[in-house]
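Asks: Turn this into a structure:
(chains A, B, C and D)
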Number of protein chains: 2
Amino acid sequence: MPESHFQEIRNLALFANIEADGFETLMRGAYVHNFPPRIDLITEGDPPDFLHIVLAGSVDLYSSWNGRETSLVTVRPVTTFILAASVNDVPYLMSARTLEKSRIILLPSEDVRAVFAKDSAFARAIVTELAQCYRAAIKSTKDLKLRTSLERLANYLLRQRNRTGSNEFELTLEKRRLASFLGMTPENLSRAFKGLVPYGVKVNGTQIRIADPEVLIRFAKPSPLIDDHST
Amino acid sequence: MPESHFQEIRNLALFANIEADGFETLMRGAYVHNFPPRIDLITEGDPPDFLHIVLAGSVDLYSSWNGRETSLVTVRPVTTFILAASVNDVPYLMSARTLEKSRIILLPSEDVRAVFAKDSAFARAIVTELAQCYRAAIKSTKDLKLRTSLERLANYLLRQRNRTGSNEFELTLEKRRLASFLGMTPENLSRAFKGLVPYGVKVNGTQIRIADPEVLIRFAKPSPLIDDHST
DNA sequence: TTGGATGCTTGACAAATGTCAAGTGACGGC
DNA sequence: GCCGTCACTTGACATTTGTCAAGCATCCAA
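Replies: Numbers count the residues shown, from 1 in each chain, chains lettered A, B, ... in the order given. Got it, this is the predicted structure:
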């Protein structure tokens, strides 16, 4: 792997405090790949050969059962995914595919586990990371079980607003995938956007405008215990 | 805390390999409490003062939003809960209440973090535990998003069957709470049980009998990637 | 420019799920 | 034993969500 990526990886909280020794072990076995859009990277149920790091592009983590399929997470740079499977050496629970052209680092899980066993700074960083992943998953379950699809969409839009810091932004996801992510059909997403018009949501293609955030907030009732993905 | 509980805690994977030093630190600050049924132990949003360990009884982890409430997990002996919040020092995402008379150990989160920082065996054990919690949460999300309520109930019954090793068993949860856990109303759970009669499910109060597991399995299509809670 | 793709939207309808109200049955206190 | 409480059940109905089919817009290649 070109050394130019080393610093980028070092900057990730997960790797920031590893000893030079362990970091070198990881980098020695690592390699970078460029993938075209819509390429399957991993399949749920497979053994966890690699820990993945998205350097550029975006990756959809999804799952299938009985002919149905649902998107669970979208991974954007610079983040790792399937850490839990790698570290515990158990099968992937989700499949992954590129959404767009993506550059991805592959770290052999064996190396990850070896460094994890020796380097306690790495072990501690993994704890922080996993705790965050776990909490994100709980938040997502709460979102699903406590809210209607209209409320989920409203809160999703407010989260995007907070992320971009603007009342006008582009959807970063295809609508069909957003629908799957929010746990509804594309048809219903269309209707849900219509349903938010009374709360000042204007949609034009992928362009979203929130006319009066206060009104939307009053409807959506966002909660840090569901919508704040930073803790 | 009476020393009689020490061994019980030591037997938990989470604490099995801690150094004597760290274990003593934890035990010094720990105390055991007996709680009556239906007592609130923690409230979501509160700072994580204690890591909890259920010694006896059972605890319901639930969450509320906008006047609605849902059960997320039932914790049974001997297991810890809210590890993620304790270790990262961030607010609880779920409330907890006893379902029955319960004995619970409280470990000050500060102590947990202190030992975590020094004892790498503990750090590694936490990784394993958190990875399992994370994966359980993902499985639960898949269950919710990919299955209808009838399918969720059918798979729940099959999981109970595997746990007990028998085609005839008692529900360990009140039906109303099972309904909430499965993401439906009590009324709908009643109807769902009716809906499983054609697949050989007999219900008598809390007593369940699966006449022909093969038939139910054919309908429920259980998958290790959703229903196997051991990995 | 044209003709498919493809993704999105819309309407009509069906299925799943929730709500409300009433009824049943088991249990415990008096 | 009686009575109230409470969980559970049932039926009628409302709401939400999904399905299917058709139409529309956009993009891109021929």
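Asks: Give me the buried stretch members for the strand or helix carrying A:E214, please.
Replies: A:E214 belongs to helix A:213-220 when elements are defined using DSSP states H and E. Within helix A:213-220, the residues that count as buried by 16 or more other C-beta atoms under 10 Å in any protein chain shown are A:P213, A:L216, A:I217, A:F219, A:A220. In short, each C-beta sits where N, CA and C put it, glycine included.
Asks: try stretch A:107-115
Replies: Going by neighbour count (16+ other C-beta under 10 Å), the buried part of stretch A:107-115 is A:L107, A:P108, A:S109, A:D111, A:V112, A:R113, A:V115.
Asks: does any bit of it sit next to chain B?
Replies: No. Between stretch A:107-115 and chain B, judged by C-beta under 8 Å from any C-beta of the partner chain, nothing touches; the nearest distance is 10.4 Å.
Asks: What of stretch A:123-142?
Replies: Yes. Using C-beta under 8 Å from any C-beta, stretch A:123-142 comes into contact with chain B via A:123-124, A:126-128, A:130-135, A:137-142.
Asks: Can you give me the domain boundaries for chain A?
Replies: As assigned by automatic domain parsing, chain A contains the domains A:3-144, A:147-227.
Asks: List just the one of these that sits closest to B:L173.
Replies: domain A:3-144 (17.6 Å; C-beta to C-beta).
Asks: I'd like the average pLDDT over that closest one.
Replies: What domain A:3-144 shows for mean pLDDT is 95.
Asks: next one: stretch A:215-230
Replies: Computed over stretch A:215-230, the average pLDDT equals 96.
Asks: What's the end-to-end length of that stretch?
Replies: End-to-end distance for stretch A:215-230: 24 Å, by C-alpha to C-alpha, to the nearest Å.
Asks: Report the contact partners of the residue of chain A most remote from its centre.
Replies: No residue in chain A sits farther from the centre than A:P198, which is 30.3 Å out by C-alpha atoms, centre = their mean. Under the criterion of C-beta atoms under 8 Å, 6 or more residues apart in numbering or on different chains, A:P198 has no neighbours.
Asks: Against A:I82, how distant is the nearest residue to A:I42 once chain neighbours are set aside?
Replies: Excluding the flanking residues, the one nearest A:I42 by C-beta to C-beta, 6 or more residues apart in numbering or on different chains is A:A96, at 4.7 Å. Distance, A:A96 to A:I82, using C-beta to C-beta, to the nearest Å: 7 Å.
Asks: shared neighbours of these two, anything?
Replies: A:I42, A:H52.
Asks: for the residue farthest from the centre of chain A, helix, strand, or coil?
Replies: Secondary structure state of A:P198, per DSSP: H, G, I helix; E, B strand; the rest coil, is helix.
Asks: confidence score at it?
Replies: 96.
Asks: separation between it and A:P186?
Replies: In terms of C-beta to C-beta, A:P198 sits 22 Å off from A:P186.
Asks: can you pull the contacts of the residue nearest to A:I42?
Replies: Neighbours of A:A96 in contact, by C-beta under 8 Å, 6+ apart: A:D40, A:L41, A:I42, A:H52, A:V59, A:D60, A:L61, A:Y62, A:V75, A:F81, A:I82.
Asks: Now do the SS call for it.
Replies: Under three-state DSSP, A:A96 falls in the strand class.
Asks: is it in a bridge, and if so with what?
Replies: With DSSP bridges applied, A:A96 shows beta-bridge pairing to A:I42, A:L61.
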